[in-house]
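Colleague: Quick one, what's the 3D model for this:
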Amino acid sequence: MTQPPDLATALAELARLADLSVPLPPGRLVGAEDGREPLLWISDDPAPAGLWAQLHRAHPHSGLWPLLLSPLERGAPDYRPWLSGELYPTDAAVSELYDPAALLRTWWRTGGGEDGDDALGYGDDDEELAAALAPYGLTWPGTAPAAAVPEDAAGREARGLADVLQSVKDVRLGLVRAGGGAQALAVCGWSGPANHEDDIAKIAAVLADWERRFGVQVVEVGFDTLELSVPVPPATLAGALPLAAEHTAFCPDLVFQGTGSLTAYAEQLVGAHQWSFWWD
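Modeller: Have a look, this model is predicted:
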């Protein structure tokens, strides 16, 4: 696999692209707490409207994946985790060693805990848990089939991105040297799902699989939140249910601290061009 250029080289390429109307606002390079080479560039102020989309289009040339970066607490000077040293990078290539389907199956069974824990890590009442996970119950249903590529793929991708971009306001822009959004999260060392899964390479492996199967794109990242654009959402509840099972394995709080049932969550996915995740 071809490695993207180092961050400095990529930023230099982006500076060249500035002549093509992709200017960067004032910002800084940010590294990990151990002082290793910079992990990302972050703007000093909220990103101007439309800049994420411009940089996204420039990604094939620049090698820099744009992320909208939200803080844990708005107005705080440390803009956690992005300026507070709470970034723990890993080699993005490690994520390619994991089987995404096997990870989801394991999380469904253990909730990110050790083997032998209760299913999804919530309680010991199998009957109550099975009811919340209906129609699948405690049995992992397997992964959802890949989305069909529509004739108007470009238009659907634009619609998905527009829905996410309209929902995210007044946050800073980040640029990460990476081949895509899933890889960018591993490279920059995001640890948002740590209470569920503390190996970001595993999280990135599943996200990369969703990029391939469903065309999703990572747009916004917070302290423990994640927003993805979805070009081809499920059109029916039957189509949404297997996706909901994957999401529940990936982020159990969506159901067990959210909708209360997998079916209720699946209903929210029908026609939705945005997938939102949060970990308590």
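Colleague: Helices along the protein, start to end?
Modeller: 7-17, 51-62, 100-110, 126-132, 153-167, 181-188, 200-214, 237-250, 253-254, 262-269 (DSSP state H).
Colleague: Looking at these, which is nearest to residue 83?
Modeller: Among the helices of the chain, helix 181-188 comes nearest to residue 83, with 12.4 Å by CB to CB. For every residue, glycine as well, the C-beta is placed using N, CA and C.
Colleague: Off-centre distance for that closest one?
Modeller: 9 Å (CA atoms, centre = their mean, to the nearest Å).
Colleague: How about stretch 67-80?
Modeller: Relative to its chain's centre, stretch 67-80 lies at 17 Å (CA atoms, centre = their mean).
Colleague: Any figure for the gap between the residue of the chain positioned farthest from its centre and residue 189?
Modeller: Relative to the C-alpha centroid of the chain, counting by CA atoms, centre = their mean, residue 127 is the outermost residue, at 31.8 Å. Plainly put, residue 127 is 41 Å away from residue 189 if you go by CB to CB, to the nearest Å.
Colleague: Pairing partners for the nearest residue to residue 251 once chain neighbours are set aside in the sheet, please.
Modeller: Leaving aside its sequence neighbours, residue 251 sits nearest to residue 277 (CB to CB, 6 or more residues apart in numbering; 4.5 Å). Beta-bridge partners for residue 277, by DSSP bridges, are residue 226.
Colleague: Test my guess that residue 26 contacts residue 46.
Modeller: No - at 11.9 Å, residue 26 does not count as touching residue 46 under the criterion of CB atoms under 8 Å.
Colleague: neighbour-wise, which of the two wins?
Modeller: Taking other CB atoms under 10 Å, residue 26 and residue 46 do not tie; residue 46 has more neighbours (15 against 7).
Colleague: Now the more buried one: closest residue in space, sequence neighbours ignored.
Modeller: Nearest to residue 46 is residue 170, by CB to CB, 6+ apart, at 4.6 Å.
Colleague: count of neighbours near that neighbour?
Modeller: Residue 170: 10 neighbours (other CB under 10 Å).
Colleague: ok, back up a step: okay, the helices of the chain in TSV with distance to residue 226 next?
Modeller: What follows is the helices of the chain, written out as TSV (distance: least, CB to CB, whole Å):
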stretch	distance to residue 226
helix 7-17	22
helix 51-62	15
helix 100-110	15
helix 126-132	23
helix 153-167	11
helix 181-188	8
helix 200-214	8
helix 237-250	10
helix 253-254	11
helix 262-269	15
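Colleague: most packed of those helices?
Modeller: When the helices of the chain are scored by mean count of other CB atoms under 10 Å, the highest mean neighbour count falls to helix 181-188 (a mean of 27).
Colleague: Return the residues in contact with the spatially closest residue to residue 73 that is not a sequence neighbour.
Modeller: Leaving aside its sequence neighbours, residue 73 sits nearest to residue 80 (CB to CB, 6+ apart; 6.9 Å). By CB atoms under 8 Å, 6 or more residues apart in numbering, residue 80 lies in contact with 71, 72, 73, 86, 223.
Colleague: ok so, going back, for the helices of the chain, which one sits closest to residue 174?
Modeller: For those, proximity to residue 174 was assessed by CB to CB; helix 181-188 is nearest, at 7.2 Å.
Colleague: Against which helices or strands is the closest one packed?
Modeller: The contact analysis (3 or more CB pairs under 8 Å, 6 or more residues apart in numbering; DSSP states H and E) places helix 181-188 against strand 64-69, strand 172-177, helix 200-214, strand 217-221.
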